[in-house]
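In: Predicted model, plus sequence, below.
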Amino acid sequence: MSFALSALILAAAPFADLSAIDRQVAAFTGAAIGETGGAMQPVDRRLRLKPCAAPLALSWRTPQRETVQVQCPDAGGWRLFVPARGAPPEVAALPVVNRGDAVMIAVSGSGFTVSRPGEALESGPVGGWIRVRPVATGVRPADPMRVQVIRPGVVGLPLP
């Protein structure tokens, strides 16, 4: 699409086409609005978003695929979050970490990982969030923290 044609379309449409955003979210998730895996509901029709000249960027906001992030990559563009209907809960997943287990707590960020031993205060399956207590190194016991189960014996806390 040429720049002149893009400018003409932008001038003709005062606001972004919300139905087109709904269609793009459905194509991204592979499910229609209201279906398992798709958007919970259409984008709010009261929104008045400026039209986007570049193609919209869609991504999952979290690994759990609970929200689709829709972003206009234009300078000064906008971003919105569309809640998705997750898959129905499976029969309770078997825990791979049990209360009282010794675990390795891995804290990871951009280009680094730090780990230390801990004790599970709750049981949980892979992907579940549990409380653990780091092994105390001083006189005062360490405070419990919430972490995600990565695999048996390993839990993690990703940093943004």
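Out: Looks like it arrived, so ask away. Note that this is a predicted model, so its numbers are computed, not measured.
In: For the rest of this, base every contact and every neighbour count on C-alpha atoms.
Out: OK.
In: The one residue sitting closest to the centre of the chain: what secondary structure?
Out: The centre of the chain sits closest to Thr62, judged by CA atoms, centre = their mean, with a distance of 1.2 Å. When classified by DSSP: H, G, I helix; E, B strand; the rest coil, Thr62 comes out as coil.
In: Could I get the full set of helices for this protein?
Out: 3-12, 18-29 (DSSP state H).
In: Can you flag the weakest of those by average pLDDT?
Out: Lowest mean pLDDT of those: helix 3-12, a mean of 49.
In: how about Gly118, what does it touch?
Out: With contact taken as CA atoms under 8 Å, 6 or more residues apart in numbering, Gly118 is in contact with Ala102, Val103, Met104, Ile105, Val132, Arg133, Pro134, Val135.
In: what residue ranges in the protein score low on pLDDT?
Out: 1-13, 87-92, 160 (pLDDT under 70).
In: how about a cut-off of 80?
Out: 1-13, 63-64, 86-93, 136-142, 158-160 (pLDDT under 80).
In: Would you mind giving the domain segments of it?
Out: Here the domain assignment for the chain is 3-83, 102-158, based on automatic domain parsing.
In: Kindly reformat these as TSV containing distance to Leu94.
Out: As requested, the domains of the chain are arranged in TSV below (distance: least, CA to CA, whole Å):
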stretch	distance to Leu94
domain 3-83	18
domain 102-158	6
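In: Comparing these, which comes out most buried?
Out: Counting by mean count of other CA atoms under 10 Å, domain 102-158 has the highest mean neighbour count of the domains of the chain, with a mean of 17.
In: No further questions, thank you.
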